[in-house]
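*Asks:* prediction below, plus the sequence it came from.
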Amino acid sequence: MIKSFAFLSLLALPGLAAAQQSALPAVKTTAFRADTFSIAKYGAVADAVTSNTAAFQKAIDECSQKGGGVVLVPRGQWLTGPIEMRSNVNLHVATGALVQFSNKRSDYKLHKTNWEGLDAVRNQALIYGRNLENVAITGGGILDGAGEAWWMVQKGRSTEGEWKQLVASGGFLNEKQDRWYPSAQSLKGTTVKEAGVLTEEKSEIKDFEEIKDYLRPDFLVLDQCKRLLFEGVTFQNSPAWTVHPMRSEDVIVRNINVLNGPYTPNTDALDLESCKNGIVEGCTFSAGDDAICIKSGRNEQGRKRAMPTENFIIRNCKVYRGHGGFVIGSEMSGGARNLYVSNITMIGTDIGLRFKTTRGRGGVVENIFIQDIDMKDIPGEAILFDMYYMIKDPTPQVAGSKERPVSPAKPVDEGTPQFRKIQIRNVTCNGAKTGIMVRGLPEMAIKDISIENAVLQSDKGLVCIEADNISLKTVTLLPTSTDPVMEVHNSQNITLDNIKYAPGATTLLRVSGAEKAKNVRLLNTDASKAKQSLELGENVKKKAVTMSKR
C-alpha cells in the first residue's frame, strides 16, 4: 500500500503563501516488507580488503525479486565497487557500518547518462538506478565515495608539505605546474571542450575512453524513479555530485549528512534535478561546491525536457560550507517553481541564497518562498540574483567614476531566462561582501522580488541592476562601505520601505540609468542620518525618485 504525506501536515510556515501551500499535492512515501537480506549471508566480509561488490548486488537483486524488503549492511567496514538499486529495496546501512567504495577507477564503467543538464557519457554512479519505484537508503552508517582517487588538486589550496607529498605520490601536473591530476586521462580531459557531452561527432561510449578518468562519477543517481527516501545516512568524499535524484517524483531527504572537503571539485551536496513533489528536512551539508541545489537541465536540452523542479519543502537544515547555501541554477532551463524554504543556517558558504543563470539557459524560476534564514561569515553575497553567471561583469564601474557603462540589450527569445515572483522573509547575515545583489539582463529584468524583515551586515549594502518591482521592507543594511548604502541602476518600480542603516552614512541612495530609472520610492525611512540622502546619476530626472518618511 502506498502511503502519502499531505504537504499541510509537514509545514510550519505561518503567513507564508498559505494559499499556494494548500494547493500542493501530497507526497507519496515508501513502504517495505519486513523481510531482511543481510549482505553477510551473501558472502560479504567486513575486513576493508575483500571486494564485496557481488555480494551487495546479489542481496539487492534477490530482495527485489522476492517482493522487496530490507538489504542490511551490518556494523563493520565493507569494501565495494559500484552497485545498482532495484525497486522495493531499502538499503539499510546500520549504525557503525562503513561502506567504502573502491578507489580503483577501473572498477567503474562509462555509460550514457546526463551531466550538468546535458546528455553525456560519465563513469557510472557509485549507487545507480533507473526507472525504479519504492527505493530507500537509510540507517546511521557512513558511505565513503573515495573521491580522492578522482579529484584534481590545486597547488594554491594545499600546504607546501601536502603539495610535495602529492606530487611525489605520482600523477600528472598541468603546464603551469599548479594543478595535479591523478592520471594522464584526467589531465587530458581538461583540454577537451565540453568533455563528456554527447554530440553528433562523439555519440558512442568508445569516443570517450581516452578521457575516462576525467569523467568523474556522481555518488548517487536515481533517474526517472518514483517514491524515494534517503534518511539518516552520511555520504562523504564524493567524486562529483553527491545525492542526485533526477527526473523523479515523490522524493524525501531526511536527516542525512553530506561531508565533502572544501576544495573538492563539483561535489554538490544535494541536486534535485527536474524532480516533482518532495521534502528535504533536518540535513547537514558541507561541500566543495553548492549545497542545496535546484536544477532542471541546461539550454535547449533542458527546455526540450520541460521538467521543472517543483513542489518541494526544504527546511531545518544546516550548511557549513559550499559555494552557495540554497541555490537555484545555473542549469535551470526547465524551470523551477513552488519551492518553500525555511529555517536554514549557513556558516561560511561562499554565497547564501544564490539564484544564478545566464543568456541561453531560458527557463522560468517563479513562486519561490523563503523565510527564517541565518548566515554567518559569507565571503560573497548574502542574497544574490544573477543573470550573468560565469560571465564578466557587464557594467563595471570605471575607477574614479560612479557611472556604469551601458550594457546593450539582446533580443528576447527562448534562451532568455526569467527570475520572478520570489518572496524572502526573516533573514540575518553577520558578515558578507554584499548584502543584496540583483543583476538582471537589459532585455529581461529580474521581477517581483520581495525581501522583508532582514538585518544584513556586509561590506556593501544593496546593489540593484536591471530590475523591476523589487521591494525591501523593514530591512536593516549595515555595510562598512556607505557610498552608497543602496545603489539602484537601470531599474524601475523599486520600493524601499522602512530601511534602517548606521548614522553617518556617506550616501543613503544612489539612482542611475537615465533611460530606465523610474518610480523608485524611499518610504518610512529617516534619510537625515546620512550625509547625503540621495544622489542621482547623469541625466536621471528628480521625479524618478520619491522620498517620504511616511
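*Replies:* Thanks, I have it. What you see is a predicted model, and the numbers here were worked out from it, not measured in a lab.
*Asks:* next structured bit after the biggest helix by length in the chain?
*Replies:* Counting residues, the longest helix in the chain under DSSP state H turns out to be helix 53-65. Past helix 53-65, further along toward the C-terminus, the next helix or strand under DSSP states H and E is strand 69-73.
*Asks:* and the residue nearest to residue 475 when sequence neighbours are not counted, how close does it get to residue 474?
*Replies:* The shortest distance from residue 475 to any non-neighbouring residue, by CB to CB, 6 or more residues apart in numbering, is to residue 454 (4.7 Å). (Glycine included, C-beta is placed from N, CA and C.) When distance is defined by CB to CB, to the nearest Å, residue 454 is 8 Å away from residue 474.
*Asks:* neighbour count: the two, which is higher?
*Replies:* Shown here are residue 454 and residue 474; by other CB atoms under 10 Å, residue 454 has more neighbours (22 against 15).
*Asks:* host element of that one?
*Replies:* strand 446-458.
*Asks:* so for that strand, mean pLDDT?
*Replies:* Averaged over strand 446-458, pLDDT sits at 98.
*Asks:* whatever helix or strand comes next after it to strand 446-458, inter-axis angle?
*Replies:* Once strand 446-458 ends, the next helix or strand along the chain (criterion: DSSP H and E) is strand 460-465. Here the directions of strand 460-465 and strand 446-458 differ by 160 degrees (axes from the mean of the first three to the mean of the last three CA atoms, to 10 degrees).
*Asks:* strands along the stretch 101-250 of the chain, start to end?
*Replies:* Per DSSP state E, counting those that start in this stretch, the stretch 101-250 of the chain carries strands over the ranges 110-115, 118-123, 127-130, 133-138, 142-144, 153-154, 172-173, 179-181, 220-223, 226-231, 234-236, 243-246, 249-254.
*Asks:* which of these sits most buried?
*Replies:* Across these, the average number of neighbours (mean count of other CB atoms under 10 Å) peaks for strand 243-246, which reaches a mean of 26.
*Asks:* now that one, how far from the chain's geometric center?
*Replies:* Relative to its chain's centre, strand 243-246 lies at 12 Å (CA atoms, centre = their mean, to the nearest Å).
*Asks:* which stretches of the stretch 151-300 of the chain form helices?
*Replies:* Taking DSSP state H, counting those that start in this stretch, the helices of the stretch 151-300 of the chain run over residues 160-168, 184-188, 299-305.
*Asks:* could you do the stretch 451-550 of the chain as well?
*Replies:* Going by DSSP H, counting those that start in this stretch, the stretch 451-550 of the chain shows no helices.
*Asks:* what's the distance between residue 490 and residue 406?
*Replies:* 9 Å.
*Asks:* to clarify, my last question referred to residue 539.
*Replies:* Residue 539 is 12 Å from residue 406, by CB to CB.
*Asks:* with adjacent residues omitted, what lies nearest to residue 116?
*Replies:* residue 331 (5.7 Å).
*Asks:* oh, I was asking about residue 276
*Replies:* Using CB to CB, 6+ apart, the nearest residue to residue 276 is residue 249, at 4.8 Å.
*Asks:* partners of residue 434 in the sheet?
*Replies:* Per DSSP bridges, the residues bridged to residue 434 are residue 381, residue 460.
*Asks:* sorry, back to before: got the buried residues for the longest helix of the chain?
*Replies:* Residues of helix 53-65 classed as buried: 53, 55, 56, 57, 58, 59, 60, 61, 62, 63, 64 (neighbour count, 16 or more other CB atoms under 10 Å).
*Asks:* just to revisit the earlier point, residue 490 and residue 406: who's more crowded?
*Replies:* residue 490 (24 against 12).
*Asks:* got a list of what the more buried one touches?
*Replies:* 404, 442, 465, 466, 512, 513, 515, 516, 517 (CB atoms under 8 Å, 6 or more residues apart in numbering).
*Asks:* hmm, try it at 6 Å
*Replies:* Residue 490 is in contact with 466, 513, 516, counting by CB atoms under 6 Å, 6 or more residues apart in numbering.
*Asks:* again, but for residue 237
*Replies:* Counting by CB under 6 Å, 6+ apart, residue 237 touches 144, 145, 147.
*Asks:* a markdown table for these, including distance to residue 211 and pLDDT?
*Replies:* As requested, the contacts of residue 237 are arranged in a markdown table below (distance: CB to CB, whole Å; pLDDT from 0 to 100):
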| residue | distance to residue 211 | pLDDT |
| --- | --- | --- |
| 144 | 25 | 99 |
| 145 | 20 | 98 |
| 147 | 18 | 98 |
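*Asks:* pLDDT weak spots in the chain?
*Replies:* Applying pLDDT under 70 to the chain flags residues 1-22, 394-395, 549-550.
*Asks:* which SS class is residue 410?
*Replies:* coil (DSSP: H, G, I helix; E, B strand; the rest coil).
*Asks:* list the buried residues in stretch 509-528.
*Replies:* 509, 510, 511, 512, 513, 516, 517, 518, 520, 522, 525, 527.
*Asks:* return it as CSV; C-alpha atoms alone will do.
*Replies:* The C-alpha coordinates for stretch 509-528 follow below in CSV (Å, rounded to 0.1, in the frame of the first residue of the first chain):
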residue,chain,number,x,y,z
LEU,A,509,20.6,56.0,-2.0
ARG,A,510,22.1,56.4,-5.5
VAL,A,511,19.9,56.1,-8.5
SER,A,512,21.4,55.9,-12.0
GLY,A,513,20.5,54.8,-15.5
ALA,A,514,18.6,57.7,-17.1
GLU,A,515,16.7,55.6,-19.7
LYS,A,516,15.1,53.1,-17.2
ALA,A,517,15.2,54.8,-13.8
LYS,A,518,11.5,55.3,-12.8
ASN,A,519,9.3,55.1,-9.8
VAL,A,520,12.0,54.5,-7.2
ARG,A,521,10.3,55.1,-3.8
LEU,A,522,12.1,55.5,-0.4
LEU,A,523,9.4,55.3,2.2
ASN,A,524,9.2,55.5,6.0
THR,A,525,12.9,56.0,6.2
ASP,A,526,14.8,58.6,8.1
ALA,A,527,17.2,59.9,5.4
SER,A,528,18.6,62.7,7.6
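*Asks:* quick one: contacts of it?
*Replies:* 484, 486-490, 492-499, 508, 533-537, 539-540, 544-548.
*Asks:* count of neighbours near the closest residue in space to residue 69 that isn't next to it in sequence?
*Replies:* Distances taken as CB to CB, 6+ apart put residue 35 closest to residue 69, at 3.4 Å, once the chain neighbours are dropped. Residues contacting residue 35 under the criterion other CB under 10 Å number 12.
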